[in-house]
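K.L.:
sequence and computational prediction follow.
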Amino acid sequence: MNVFQQLYKSIYSPKDIAKFRFQGIGKTIRFIFLLALISIIPVAVQFVSFATSALDTLRDSLDKELPSFSIENGTLTSDQSEPVTLEKEGMTIILDDSGQMKEGNLDRNENTVAFLKDDFVVISQGHVQSSSYTLFGDSTVTKDELLDILKSLKDLKWILIPVALSILYVFTSGMTFLKITIFAIIGVTFANVLKRNVPYRQSFRITAYSATVSTVFFTLMELLQTRIPAAPILDWFVITVILYLVVKEIPQRKIRH
């Protein structure tokens, strides 16, 4: 059975997951990498879409509509006394050197690029990324120089996007391994309570497959742009319940008289 068949079985069959406890660890590790890949699909789609369209929109707005400004010693300055807000093709662009606008005031449901007094904030599909202007060091950056930077980013985007996605995948894979490592301890606990013979190495294997439903569910919800309240708690709960059902499918250890 290949990893895709295992993925399908793991969605609905705790009994089949229980059988996977005897397989080689290499196959389980490949499956974990597959789960990590599935989980980043929504972020990857959003990131590529934003990076390809937003750069053009932002550059055009900076060039033709936003007033002149400069970034010096980690602070944005312009000749505007009030925040400037533009609505452009599904994206909001904000320029505010007054300090009135804060990252926490921005609407996370709107795709936004905000040049605030002390930092630069990007919101894409609810994901917030902020960077301090101190990244520019002691240099003074004007609007025209920022336009040149955006042009360079546009020219390099098909190199930068794969690099960024690769870093995201490595990070997500590491977090997925960590999560399964921790939940495997819970699997051993269930085995002891239910009097099943499940050493940690087997618990690690079945835990990896027990995370399938949660991973697929949250991936679909992200693709549909549906927000789930208390998502991490629900994620942990689903994995725990399925892991418990899987352990129950394992025969009880024989008691010697």
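P.N.:
Received, thanks. Numbers count the residues shown, from 1 in each chain.
K.L.:
low-confidence regions, the stretch 1-150 of the chain specifically.
P.N.:
In the predicted model of the stretch 1-150 of the chain, residues 125 satisfy pLDDT under 70.
K.L.:
what about the helices in it?
P.N.:
Remark: helices assigned in the stretch 1-150 of the chain by DSSP state H, counting those that start in this stretch are 3-12, 14-19, 25-39, 41-64, 143-193.
K.L.:
next, count neighbours for residue 66.
P.N.:
Using other Cβ atoms under 10 Å, residue 66 has 19 other residues around it. Every C-beta, even on glycine, is put in place using the N, C-alpha and C of the backbone.
K.L.:
not counting sequence-adjacent ones, nearest residue to it?
P.N.:
Nearest residue to residue 66 in three dimensions, chain neighbours excluded: residue 95, at 5.4 Å (Cβ to Cβ, 6 or more residues apart in numbering).
K.L.:
can you verify my assumption that the one you found contacts residue 82?
P.N.:
No - shown here, residue 95 and residue 82 do not form a contact pair, counting by Cβ atoms under 8 Å, at 10.0 Å.
K.L.:
related to what we said a few turns ago, as CSV, the helices of the stretch 1-150 of the chain with mean neighbour count and distance to residue 240 would be great.
P.N.:
Shown next, in CSV, are these (neighbours: other Cβ atoms under 10 Å; distance: least, Cβ to Cβ, whole Å):
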stretch, mean neighbour count, distance to residue 240
helix 3-12, 16, 15
helix 14-19, 20, 13
helix 25-39, 17, 17
helix 41-64, 16, 24
helix 143-193, 15, 6
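K.L.:
can you say which of the ones you listed is nearest to residue 112?
P.N.:
Using Cβ to Cβ as the measure, helix 41-64 is the one of the helices of the stretch 1-150 of the chain that comes nearest residue 112, at 10.0 Å.
K.L.:
so what does the closest one touch, helix or strand wise?
P.N.:
Packing contacts for helix 41-64, counted by 3 or more Cβ pairs under 8 Å, 6 or more residues apart in numbering; DSSP states H and E, involve strand 84-88, strand 91-95, strand 119-124, helix 143-193, helix 212-223.
K.L.:
which one of these lies closest to residue 104?
P.N.:
Of all the helices and strands packed on helix 41-64, strand 119-124 comes closest under Cβ to Cβ, at 10.2 Å.
K.L.:
residues touching the closest one, excluding its own?
P.N.:
46-47, 50, 54, 103, 106-108, 110-114, 128-133 (Cβ atoms under 8 Å, 6 or more residues apart in numbering).
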